[in-house]
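Asker: this is the structure alone, sequence omitted:
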């Protein structure tokens, strides 16, 4: 089979699977309660963040411990726009959040991509903590630990076509916002799929596999890592921008290093060597954390045990392991 | 006409003179072999010319342009490609993707993030053609890590060849492969190089291979050029025989064979 035909089959299969999943997700709010819809919305938002993060880890081989910075910058940019500029249009907030994050990611990335391995990880962590400390200390601007309120019901969707006034506003917001996020998630996932399978994505994988040889096929390694960093940050910033109206509030917690760890956790849980791994991992992690927090005072212990088991038993994550099992079953 | 010219090229590692005042000219279309005992500076010379190491002093002129301070990717774009003594591939990519990537990079298409790589039919056709030339067509969908050593060596050279270089540096393309595979690999490489009239510099230990394929042989010793000339001239050079074989005499290389 020639490569073009092979790709056509692969694109067709992927499209059919994606459409089936999206139809399932579109029907779901009619069969689950509103709390579950909210949880699923959070899951989809984290999935966007994890997809962005995995462009660095899975495709480029760079482990960032500072992606809370980009998620947080997206969230705080929206919060500033709502509080200080009176912006209510979600589309404008998204544009602002993504632009703000892209600028920060470009600046931080320019510094970070000069290093690799542990040095890269530590540098991303350190820079994210700079942003956290600014949000924490400049309380007259950021609200400090109280954060900034961004009530979702005060926002409008689709250039003002949908607003949330009157009775049942909360339910209407949760329901509408779920579909809003679902559509953005679908577009973003498709976009990331194309990026990962493009010549650019191929170059990133080559750099991940063998940096020296990548230079000797003419790739400017640092430049490609920088572009990947910026794209990764922008995707994560988009997730932060979507998250804040749903959460109703942004605080410095979202910029703090444990949240960076959670993004890593989500991606590893699903499997960072697969495209769908971070999506599944983010949704699963969101449920896991929510129910662990609700059911035990020692929820951090629960998550810790899950992480240890994951690394020891399922190093390829949920999707990676499922794919391995599927391949084995096909062989027999 | 000189394609590559090095002038008093130097690269030291502490006390070790890896490349010591090397002035060398490679003409267009030549098949040159660089030989010498271990530690003679052959790979270091390749590293300095290809941009893997920077020269401490001296000059590298390529097609009349000074590339002494150019980065490795800039030298690749200028037309210098190389393969590696220890196979250097993208192990988690298929043989096809390895070659495709080199073509995408050569054509400046790796900046394209809005199109699926495998939908570029021109690149796919060229990659398949190159795999065919190097006898790797049947292995196109195998991961580079799963290929046999001889196949990996060929893919390493195919990657460099896919860049359509003007000058191809091949660092021991037959090291670590069986004697039977050695001939096959060299025949494949030589056929491609001769057909495309490429300029090739090959670093090699096996003197049978060197005498068979080279237009000219450069002998290095302790970082410097000891001698250079046609295979016949080198074959009868007693000083070279003494350095390379440890024995001299008019028929030293024949006795060794």
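Answerer: Nice, I can see it. Fair warning: this is a prediction, and the values are worked out from it, not measured in the lab.
Asker: enumerate the residues of the stretch 151-300 of chain A near chain B.
Answerer: A:194-195, A:197-203, A:205-206, A:208-210, A:212-220, A:224, A:231 (Cβ under 8 Å from any Cβ of the partner chain). C-beta: built from backbone N, CA, C; applies to glycine.
Asker: ok, 6 Å please
Answerer: For the stretch 151-300 of chain A, the residues in contact with chain B under the definition Cβ under 6 Å from any Cβ of the partner chain are A:195, A:197-200, A:202-203, A:206, A:209-210, A:213, A:215-220.
Asker: assign a three-state SS to the residue most central in space within chain A, would you?
Answerer: Taking Cα atoms, centre = their mean, the centroid of chain A lies closest to residue A:49, which sits 0.7 Å from it. When the structure is reduced to helix, strand and coil (DSSP: H, G, I helix; E, B strand; the rest coil), residue A:49 reads as helix.
Asker: mind listing the strands in chain A by residue range?
Answerer: Remark: strands of chain A, listed N- to C-terminal, are A:148-149, A:249-250; assignment by DSSP state E.
Asker: neighbouring strands - and their directions - for the first one?
Answerer: Right, strand A:148-149. Using DSSP bridges, the strands paired with strand A:148-149 in its sheet are strand A:249-250 (antiparallel).
Asker: so how far is the partner strand from its chain's centroid?
Answerer: Computed by Cα atoms, centre = their mean, to the nearest Å, the separation of strand A:249-250 from the middle of its chain amounts to 17 Å.
Asker: how about the helices of the stretch 1-150 of chain A, start to end?
Answerer: Listed in chain order, the helices of the stretch 1-150 of chain A (DSSP state H, counting those that start in this stretch) span A:3-27, A:34-54, A:68-84, A:90-112, A:117-137, A:139-142.
Asker: so which of the ones you listed is the most packed in?
Answerer: Mean neighbour counts were taken over those using mean count of other Cβ atoms under 10 Å in any protein chain shown, and the top value, a mean of 27, falls to helix A:68-84.
Asker: can you list the low-confidence ranges for the chain?
Answerer: By default, I'm working from chain A. Confidence mapping of chain A against pLDDT under 70 gives the ranges A:1-9.
Asker: can you look at chain B instead?
Answerer: Counting by pLDDT under 70, the ranges of chain B that qualify are B:246-257.
Asker: please repeat the previous calculation with a cut-off of 80.
Answerer: Per-residue confidence for chain B (pLDDT under 80) gives these ranges: B:1, B:176-181, B:237-257.
Asker: quick one, phi psi at residue 86?
Answerer: Because you didn't say which chain, this covers chain A. Phi and psi for residue A:86, reported as degrees, to the nearest 10, are phi 70, psi 20.
Asker: looking at chain B here, not the other one
Answerer: The phi and psi torsions at residue B:86 (degrees, to the nearest 10) take the values phi -90, psi 120.
Asker: any idea how far it lies from chain A?
Answerer: Distance, residue B:86 to chain A, using Cβ to the nearest Cβ, to the nearest Å: 10 Å.
Asker: mind checking how far residue A:16 is from residue B:87?
Answerer: The spacing between residue A:16 and residue B:87, counted by Cβ to Cβ, to the nearest Å, is 39 Å.
Asker: do I have it right that residue B:36 meets residue B:218?
Answerer: No - using Cβ atoms under 6 Å, residue B:36 is not in contact with residue B:218, being 8.5 Å away.
Asker: if we can go back for a sec, next, the contact list for the residue nearest to the centre of chain A, please.
Answerer: Residues counted as contacts of residue A:49 (Cβ atoms under 6 Å, 6 or more residues apart in numbering or on different chains) are A:71, A:236, A:239, A:263.
Asker: pull the most distant pair out of those residues.
Answerer: Using Cβ to Cβ, these reach their maximum pairwise distance at A:239 and A:263, which is 9.2 Å.
Asker: mind listing the strands for the stretch 51-200 of chain B?
Answerer: With DSSP state E, counting those that start in this stretch as the criterion, the stretch 51-200 of chain B has strands at B:57-62, B:65-66, B:80-83, B:167-171, B:199-203.
Asker: who are the packing partners of the first one?
Answerer: Right, strand B:57-62. Contacts of strand B:57-62 with other secondary structure elements, assessed using 3 or more Cβ pairs under 6 Å, 6 or more residues apart in numbering or on different chains; DSSP states H and E, are made with strand B:2-13.
Asker: can you give me the buried ones in the strand it packs on?
Answerer: Buried residues in strand B:2-13, counting neighbours by 16 or more other Cβ atoms under 10 Å in any protein chain shown, are found at B:3, B:4, B:5, B:6, B:7, B:9, B:10, B:11.
Asker: identify the bridge partners of the third one.
Answerer: Pointing back at residue B:5 there. Partner residues in beta bridges with residue B:5: residue B:25, residue B:61, with DSSP bridges as the criterion.
Asker: isn't it right up against residue B:63?
Answerer: No - when contacts are counted by Cβ under 6 Å, residue B:5 is not listed as touching residue B:63 (9.8 Å).
Asker: which neighbours do the two have in common?
Answerer: Looking at what touches both residue B:5 and residue B:63 (by Cβ under 6 Å, 6+ apart), there is no common residue.
Asker: circling back: joint contacts of residue B:36 and residue B:218?
Answerer: Shared contacts of residue B:36 and residue B:218, counting by Cβ under 6 Å, 6+ apart, come down to nothing at all.
Asker: list the contacts of residue 234.
Answerer: Chain wasn't specified; assuming chain A. Contacts for residue A:234 were tallied using Cβ under 6 Å, 6+ apart; they are A:98, A:101, A:102.
Asker: I was thinking of chain B, sorry if that wasn't clear
Answerer: The neighbourhood of residue B:234, defined by Cβ under 6 Å, 6+ apart, consists of B:217, B:240.
Asker: flag every buried residue along the helix or strand it falls within.
Answerer: With the criterion set as DSSP states H and E, the secondary-structure element containing residue B:234 is helix B:231-235. Buried residues in helix B:231-235, counting neighbours by 16+ other Cβ under 10 Å, are found at B:231, B:234, B:235.
Asker: what's the answer for stretch A:310-322, then?
Answerer: Neighbour-count burial for stretch A:310-322, counted by 16+ other Cβ under 10 Å, picks out A:310, A:314, A:316, A:317, A:318, A:319, A:320, A:321, A:322.
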